[in-house]
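Dropping a prediction and its sequence here:
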Amino acid sequence: MSDQVNDRELFSLKKKVASYKEVVSNTRTYRGAWDTTLKGKIEDSLKRFAKGAGLQAKIEEVGDVENLSAVVLSLGQVKSGIYEEVNDAIKRHLIKHNGSLIYQQLFNGKVIVMIQYPFIENIGQPRPPKTIGIYRPEELKEPFLLRHLEEFITEITNWEDFDDDEPNQRIGFNLNFPQHELATGDEETLK
């Protein structure tokens, strides 16, 4: 029996190496597409869609790290209408972040699309972002961008219109007090 490996036995490894080289090459290609065309196309399309729909939004590029930048459509921040009374004369307003649609470059040049839900500072924990999908640059055509914006508006509208119709939504009172404290608390106090 020989210790030598023949070409037929190397076939599987050669296929894996070829696949690896293709993926690394794609990363360079995707990063180049982001910088030369995709980033601008996303910004322009989102601006046009928002303007056409009458949506007040700020669209900006965010990124201090090369090849990990993002295009963010943000609905901004406002006073939430909720405030803490510091004393009789001073009220500290809590800020509401209205949500964002994010197109973020990944390490491999693909683009992850996420929804950052609205949240009010100091009221529970912000809901984790929802991932819409991960795309190669050539997949992000305008119809996809429009659908992403529509899904974003649907999700934040549902957040704003929160009620008990959807039992899995988590916001507000129950997040501020651990459930075991409510269950073991003085029942008369809770009534």
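Yep, that arrived.

that's a helix at Asp44, yeah?
Yes: judged by DSSP: H, G, I helix; E, B strand; the rest coil, Asp44 forms part of a helix.

Quick check: pLDDT value at it.
Predicted confidence (pLDDT) for Asp44: 96.

Report the contact partners of it.
By C-beta atoms under 8 Å, 6 or more residues apart in numbering, the contact list for Asp44 is empty. From N, CA and C alone the C-beta is placed, and that goes for glycine too.

Please determine how far it is located from Val78.
Distance, Asp44 to Val78, using C-beta to C-beta, to the nearest Å: 26 Å.

what residues are up against Phe152?
73, 99, 101, 115.

which strand of the chain spans the most residues?
As assigned by DSSP state E, the longest strand anywhere in the chain is strand 77-85.

name the helices or strands packed onto that one?
strand 91-97 (3 or more C-beta pairs under 8 Å, 6 or more residues apart in numbering; DSSP states H and E).

May I see the buried residues of the strand it packs on?
Buried residues in strand 91-97, counted by 16 or more other C-beta atoms under 10 Å: 96-97.

Remind me what it packs against, helices and strands.
Against strand 91-97 (3+ C-beta pairs under 8 Å, 6+ apart) you get strand 77-85, strand 119-120.

which residues make contact with the first one from outside it?
Spelled out, it's strand 77-85. Outside strand 77-85, the residues touching it (C-beta under 8 Å, 6+ apart) are 91-98, 120-121, 123.

Just send the helices and strands packed on strand 91-97 back as CSV, with distance to Lys15 too.
CSV is the format used below for the helices and strands packed on strand 91-97 (distance: least, C-beta to C-beta, whole Å):
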stretch, distance to Lys15
strand 77-85, 52
strand 119-120, 47
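
Which of those has the lowest mean pLDDT?
Among these, strand 77-85 scores lowest, at a mean of 79.

can you give me the strands for this structure?
Under DSSP E, the chain gives strands at 58-62, 70-74, 77-85, 91-97, 100-105, 111-116, 119-120, 130-135.

Now do the second one: everything it contacts.
Looking back up the chat, that one is strand 70-74. With C-beta under 8 Å, 6+ apart, strand 70-74 has contacts from 39, 42-43, 46, 50, 57-63, 98-105, 149, 152.
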